[in-house]
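Asks: Next input, structure requested:
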Amino acid sequence: MARPKIKIQKEPLDYYLEAAAFLAIAFLFIYPAIHYGGLPEDIPTHFDSKGQPDSYDKKSSIWILPAIGFLIFVMLYFLQKVPHSFNYGVKITEENAENQYRIALRLMRSLNVIIMFSFAYLNYATIQIALENATGLGSAFTPIFIIGIFGVIAVSIYKSFKYEK
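Replies: Here you go, the predicted model:
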């Protein structure tokens, strides 16, 4: 049996999440553009587990994160158009489709925000380190990112099973 194809109406939180992701992606491009001329020829491009730079490359590499971020942003945005094609931990029926799709779409929007803000922070920190205004990412970045990603996924899985019927 084919899953129902229904349009899920956005709630205010959905609009806020989309706006936050959009602002982060805009920052990803605007902030490096503002500082590009003042960057040294070599900038940090990789960080160790403690948030310290351990690899450097040409300053033009500052555009890699915005490019990858933009691709992820667009991909997650367009994937939201087809929630009936996602994998679910519960059987999708006519009765539960709307709730399950809403949970999945909220997960996609939340992941988009977390990823875009993480990329924005990484780009910001890279520029600050290159300009010698900072020495590293900080030790909290990786745990916060991991907790954020897995926390949103765990909440979504919990809600999915809670609203199985």
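
Asks: Contacts for the helix or strand encompassing Ile43, please.
Replies: In the assignment (DSSP states H and E), Ile43 maps to strand 42-47. Residues outside strand 42-47 that contact it (C-beta atoms under 8 Å, 6 or more residues apart in numbering): 53-59, 61-62, 64, 126-127, 129-130, 136-137. (Each C-beta comes from the backbone N, C-alpha and C, glycine too.)

Asks: again with stretch 142-159
Replies: By C-beta under 8 Å, 6+ apart, the list of residues contacting stretch 142-159 from outside reads 49, 51, 89, 103-104, 106-107, 110-111, 114, 118.

Asks: follow-up on the earlier one: and after the strand holding Ile43, which helix or strand comes next?
Replies: According to DSSP H and E, the helix or strand after strand 42-47 is strand 53-58.

Asks: Now do that following strand against strand 42-47, angle only.
Replies: Strand 53-58 and strand 42-47 are oriented at 140 degrees to each other (axes from the mean of the first three to the mean of the last three C-alpha atoms, to 10 degrees).

Asks: Need the single longest helix in the protein, by residues.
Replies: Counting by DSSP state H, the longest helix found in the chain is helix 97-130.

Asks: Please work out the angle formed by the directions of that one and strand 53-58.
Replies: Between helix 97-130 and strand 53-58, the angle formed by their directions is 80 degrees, by the same axes, to 10 degrees.
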